[in-house]
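Engineer: here is my input; please provide its structure:
(one chain, ligands or ions: 1)
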Amino acid sequence: MIEKINQLKAEILALNPTTAEEVENIRINFLSKKGKLTEIFNDFRNVSSEDKKTIGKEINTIKSELQTKLENWKTDLQSTKSSSANDLDLTQQEIDMSFGSRHPVSLIKNELCEIFTRLGFTIEEGPEIEDDWHVFAALNFPDEHPARDMQDTFFIEKHPDVLLRTHTSSIQVRCMEKKQLPIRVICPGRVFRNEAISARAHCIFHQIEGLYIDKNVSFADLQQTLLHFARETFGNDTKIRLRPSYFPFTEPSAEMDISCKLCGGKGCNICKHTGWLEVLGCGMVDPNVLEINGIDSKVYSGYAFGLGLERIAMLKYSVSDLRLYFENDVRFLNQFKNY
Ligand code: DAH
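Structural biologist: Down below sits the predicted model:
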């Protein structure tokens, strides 16, 4: 019996399987019903009772060691199989790890935020779902103003007072409510209008609103700030012009044009042969708006401006169709990788 055990031990020690099939054969050879180790377990019955303890221990150890070896061989062979040189495809193309690009509207938003924060403006945001007060009433819109019409504004059906903001000017009101003067903020955000979608209009777009309220703020301050913005965004040789306009919340109001980048002001298709491109609306905060929002208009004055980010991006990157911003076609987006 002892001799048989020693022989078996030597045999197991010499085993060195190289395939999964060999491992399985070893298992059958030693551990199956007619296997060599099973045979020894059968012989165990005839061992004298004083030897039973030591021999029993010995063969149990051999069995568990062999089982561990079988497991190890199996896993070793599996891992060498998957990393074996035969499986390497040296012609395989490198996996494309290139990253996506920022959306042009985000690029412009970040750029403008940087320009204005360098001038001391802080960034404020507000809710997209608003009420009549913040979007219209507190900005001096008369009751019968067409913007309040369902044709222009998305209202929430069950709540005639709840609507999707049509401009980021609503954030002005939220800033004034806080009453921490002076206020010098820019407010980026998404806005919604009930418009038919076309190359030149969309029901969703993005704006940045600017507001500065302090003592002695003048129209000249507004003009200089906007000139700085135009030159930083479109290049140092950019000219601006302010045309009189009307907004309920500013008085006087103006619209700002920049000299056409494409023709340098001579006139081309893009600027419709005027040499100028419309960029934003602006003006001095109407004293009514200051008073409605609890700010003394005899002590404080302010300017405001609002611009469309898609419009700026269109001018800067020569994009001709507004819908491209919302379709997210990678062929369009990939063109902004280097900005
Ligand atoms: N809220 C205006 C719009 O959506 C843009 C605007 C014009 C904002 C003049 C202003 C401003 O702050 O002074 O069309």
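Engineer: return the distance of the closest residue to Glu195 other than its chain neighbours relative to Phe326.
Structural biologist: Excluding its sequence neighbours, the residue lying closest to Glu195 (C-beta to C-beta, 6 or more residues apart in numbering) is Ala201, at 4.6 Å. C-beta coordinates here come from the backbone N, C-alpha and C atoms, glycine included. According to C-beta to C-beta, to the nearest Å, Ala201 stands 12 Å off from Phe326.
Engineer: who touches both of these two?
Structural biologist: Counting by C-beta atoms under 8 Å, 6 or more residues apart in numbering, Ala201 and Phe326 have no common neighbour.
Engineer: could you count how many residues lie near the closest residue to the ligand within the stretch 51-200 of the chain?
Structural biologist: Nearest to the ligand in the stretch 51-200 of the chain, going by C-beta to the nearest ligand atom, is His167, at a distance of 3.3 Å. A count of nearby residues for His167, using other C-beta atoms under 10 Å, gives 24.
Engineer: go on, Trp276?
Structural biologist: Residues near Trp276, counting by other C-beta under 10 Å, number 18.
Engineer: who does it bridge with?
Structural biologist: For Trp276, the beta-bridge partners under DSSP bridges are Ser259.
Engineer: tell me who's in contact with it.
Structural biologist: Contacts for Trp276 (C-beta under 8 Å, 6+ apart) come out as 241, 257-260, 265.
Engineer: now stretch 309-320: how far from the chain's centre is it?
Structural biologist: Centre-to-centre, stretch 309-320 and its host chain are 20 Å apart (C-alpha atoms, centre = their mean, to the nearest Å).
Engineer: got the buried residues for that stretch?
Structural biologist: Judged by neighbour count (16 or more other C-beta atoms under 10 Å), stretch 309-320 contains these buried residues: 309-316, 319.
Engineer: can you list the residues of this protein near the ligand?
Structural biologist: Residues of the chain found near the ligand (C-beta under 6 Å from any ligand atom) are 167, 169, 209, 247, 250, 281-283, 304-306.
Engineer: rerun that using 8 Å as the cut-off
Structural biologist: 166-169, 172, 191, 207, 209-211, 245, 247, 249-250, 253, 280-283, 285, 303-308 (C-beta under 8 Å from any ligand atom).
Engineer: show me what stretch 103-116 is in contact with.
Structural biologist: Stretch 103-116 is contacted from outside by 102, 123, 186, 188, 206, 208, 210, 228-229, 232-233, 307, 309-310, 312-313, 316-317, 319, 325, 328, 333, 336, 339, using C-beta under 8 Å, 6+ apart.
Engineer: now do the same for the residue nearest to Glu195: helix, strand or coil?
Structural biologist: coil (DSSP: H, G, I helix; E, B strand; the rest coil).
Engineer: count of neighbours near it?
Structural biologist: Ala201 has 12 neighbouring residues, counting by other C-beta under 10 Å.
Engineer: and if you look at the one 5 residues further on?
Structural biologist: Residue neighbour count, defined by other C-beta under 10 Å, stands at 21 for His206.
Engineer: for it, phi and psi?
Structural biologist: phi -120, psi 140 (degrees, to the nearest 10).
Engineer: mind listing what's buried in the helix ranked longest in the chain?
Structural biologist: Counting by DSSP state H, the longest helix found in the chain is helix 49-82. With burial defined by 16+ other C-beta under 10 Å, the residues of helix 49-82 counted as buried are 55, 58-59, 62-63, 66, 69-70, 73, 77.
Engineer: same question, stretch 200-218
Structural biologist: Judged by neighbour count (16+ other C-beta under 10 Å), stretch 200-218 contains these buried residues: 202, 204-213, 217.
Engineer: next one: stretch 245-257
Structural biologist: By 16+ other C-beta under 10 Å, the buried positions in stretch 245-257 come out as 247-250, 253-257.
Engineer: now stretch 299-309
Structural biologist: Residues of stretch 299-309 classed as buried by neighbour count (16+ other C-beta under 10 Å): 300-309.
Engineer: coming back round to it: now the buried members of the contacts of Trp276.
Structural biologist: For those, buried by 16+ other C-beta under 10 Å: 257-260, 265.
Engineer: all helices of this structure, in order?
Structural biologist: Going by DSSP H, the chain shows helices at 2-13, 20-31, 36-43, 49-82, 104-118, 132-135, 169-178, 219-234, 287-292, 309-317, 324-327, 330-333.
Engineer: returning to what we had before: and the contacts of Trp276, which two are furthest apart?
Structural biologist: Spanning the widest gap among the contacts of Trp276 are Arg241 and Cys260, at 11.6 Å by C-beta to C-beta.
Engineer: and the residue nearest the centre of the chain, what does it touch?
Structural biologist: Per C-alpha atoms, centre = their mean, the C-alpha nearest to the average position across the chain is that of Arg102, at 8.5 Å. The neighbours of Arg102, taking C-beta under 8 Å, 6+ apart as the test, are 110, 336, 339.
Engineer: ranking these by neighbours, who comes first?
Structural biologist: Highest neighbour count within the contacts of Arg102: Phe336, with 17 neighbours (other C-beta under 10 Å).
Engineer: quick check: that residue vs Val319, distance?
Structural biologist: Distance, Phe336 to Val319, by C-beta to C-beta: 10 Å.
Engineer: now swap in Asn60 and tell me
Structural biologist: With C-beta to C-beta as the criterion, Asn60 and Val319 are 79 Å apart.
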